[in-house]
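**Q** here is my input; please provide its structure:
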Amino acid sequence: MPSSAPVREAATLRELSPQQWKSGIAAWLGWTFDGLELHLYTLVAGPLVMQLLQTTDASNPAVNEKKAYIQAAFLVGWALGGAFFGRLGDLLGRSRALTLTIITYALCTGLCSFAQTWWQLMIFRFIAALGIGGEWAVGASLLSETWPKAWRPWMAAALQTGVNVGVLGGAIFVGLLMTYLPAGSERWVFLIGVLPALLVFWIRKHVPEPDTWQQAGHTVEKKPGALALFQGSVWPTTLRTTLVCALGLSAWWLFLFWQTQHLRKVLTDAQTPAADITGLVSAAFFAFNAASVVGNFGAGWLAIKLGNRRAIVVMFIGLAAGIFGSYIVPRGFGALAWFWLPIGGFFGGVFGLFTMYLPPLFPTLLRTTGAGFCYNIGRIAAAVASIVFGLVAPVDDFRGALLWVSSIAMAAALASWWLPERTHENEAT
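**A** A predicted model of the protein is given here:
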C-alpha cells in the first residue's frame, strides 16, 4: 500500500528523489526518440515515395497524393494511439504503458525500411504512430505526477526540447547518411528507429509507478471509464481543450510537412543539383528546430509571467504571423530557411506548454486518457487537412495552401482565450 503522507516538494535539483530523476530521464528520452522517428519520413518523403511508385518525375501528381495519404495515416494513428495508450496508462500504470508505446513505435519504424509499396509504408507508419501518440500522453502524465508542480512550465520546455533534439539528430543523421550512400537509399534511414526498443528494459527495471496513480487506484472501487470525459464538470474542459488542440495541431502539422516540400520545390526550381537538395533541406530543418528549442523556453517564461492561457494565445498569434510572413510573397531558399521559418519554429514552442498544462486538468484516473484524447484528437483534423492540401498543393506550388495555414493558427489563438486557467493550487484531483 503506497504511503499517503504529504511530501514537501523539492525546491532545487539536489532535492529531487532518485524516482523523480528516473521518471524525468525516461520521459525525456522517450520524447527524444519520438522526435527522431516523427520526422524521418518528412525528410525523405519525396524521394522514397517516388522510389516506391517507380517514377523519377517529382511533379507526378501521384507522388504528392501518396505522400499526403501516408502522412494522413500517420496523424490518424497518432490520434488513436494517444487515446488507446492513454487509456492503458490510467488502467495499467504510467511506466507499464510507456514501455508498450516505445516497443510499438520502435519496431514499426524499423519495418518501414522494408516496405515494397507505398501502402505498406503507410501501414507501418500508422502503427508506429500509435506508439508515438501514446508516448506523449503517458510520458506527460508520468512527469506531471512525479516532479514539483511549480516547475511545470520549465519541465514542459525541457520535455518538448527532447522532441527537438530528436528532430535535429534525425536531420543530422539523414544529411550525413545521404552524403555517403548512393541515391535511392533513403529507405534505410528508418533502421535507426529500432534503437528506442533498448530503452524499454531500463524503464521496466528502474522507473516505478507514481505514488499519485497508485493511491488513486486504492481509493475507488471501480476506475472511471473513458465516457467520464464527457460527463459532469469534466466535459467543458474536454470540449475546449480538444477544439484548441485540433486547430493548433492542424496548423502546425500542415506547416511542418508542407514547408519542407515547398523548400524542395524552391530548390528544384532554382536548378539545385538533386544530390544537394536533401542536405540543404536537412540544414534548414536544423535551423528551424534550433529556433523551436529557444521557443520552448520562451513559452515557459511567458507561462510564468502571464499564465498558461494567455501564453498559449500569444504564442499562437506569433505562429500565425510567422507562417503568414513566410508565404505572403514568393521567397527564395535563403530567406525562408534562415529567417522566416525559424520564426515559425520559435512560436511552435507553444506545444511544449500543453505537455504539463493538460494532464492536471483531469482527475488522476482520467489523466492520461484526457490528455491523450484532447491533444491527439487534433491529428484527425490534421490528417483530413493533409489530404486536402495534398490535392491542391500541386496547383499552387504549396505557397497559397500554406497561407491558409496561418488562418488556422489564428483561429487556434482565438479559441485559446476560452481555455481553463488551472494552476497547481486549484488543479483537478
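**Q** now do the contacts for residue 337.
**A** By Cβ atoms under 8 Å, 6 or more residues apart in numbering, residue 337 lies in contact with 263, 280, 283-284, 287-288. Placement of C-beta: from N, CA and C, glycine included.
**Q** for the stretch 151-300 of the chain, what are the low-confidence residue spans?
**A** Across the stretch 151-300 of the chain, the ranges flagged by pLDDT under 70 are 181, 183-184, 215-224.
**Q** same question, the stretch 301-429 of the chain
**A** Using pLDDT under 70, the stretch 301-429 of the chain drops low at 378-379, 386, 389-397, 422-429.
**Q** in it, what residue spans correspond to helices?
**A** 308-327, 333-335, 341-347, 350-357, 367-376, 378-396, 399-416 (DSSP state H, counting those that start in this stretch).
**Q** and residue 150, how many neighbours does it have?
**A** By other Cβ atoms under 10 Å, the residues close to residue 150 number 15.
**Q** coming back round to it: closest one to residue 113 among the helices of the stretch 301-429 of the chain?
**A** Set against residue 113 and scored by Cβ to Cβ, those come closest in helix 378-396, at 23.0 Å.
**Q** include neighbour count when you put the contacts of residue 337 into a markdown table, please.
**A** Supplementary listing: the contacts of residue 337 in a markdown table, determined by neighbours: other Cβ atoms under 10 Å:
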| residue | neighbour count |
| --- | --- |
| 263 | 21 |
| 280 | 18 |
| 283 | 15 |
| 284 | 22 |
| 287 | 17 |
| 288 | 28 |
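**Q** ok, which pair from these is furthest apart?
**A** 280 and 288 (12.6 Å).
**Q** so which residues make contact with stretch 161-180?
**A** 27-40, 43-44, 185-186, 188-189, 192, 278-279, 282-283, 285-286, 289-290, 292-293, 296-297, 352.
**Q** ok, residue 265 to residue 154 distance?
**A** According to Cβ to Cβ, to the nearest Å, residue 265 and residue 154 sit 39 Å apart.
**Q** same question but for residue 314, I mixed them up
**A** Taking Cβ to Cβ, one finds residue 314 at 18 Å from residue 154.
**Q** wait, what's in contact with residue 384?
**A** Per Cβ under 8 Å, 6+ apart, neighbours of residue 384: residue 72.
**Q** if I look at it, how far off is residue 262?
**A** For residue 384, the distance to residue 262 - Cβ to Cβ - is 20 Å.
**Q** same check, this time on residue 123
**A** For residue 123 relative to residue 262 (Cβ to Cβ), the value is 27 Å.
**Q** neighbour count: those two, which is higher?
**A** residue 262 (22 against 17).
**Q** dump the helices of the stretch 301-429 of the chain to CSV, plus distance to residue 178.
**A** Shown next, in CSV, are the helices of the stretch 301-429 of the chain (distance: least, Cβ to Cβ, whole Å):
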stretch, distance to residue 178
helix 308-327, 25
helix 333-335, 18
helix 341-347, 21
helix 350-357, 28
helix 367-376, 31
helix 378-396, 24
helix 399-416, 25
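**Q** quick one: which of the ones you listed is nearest residue 206?
**A** helix 367-376 (20.3 Å).
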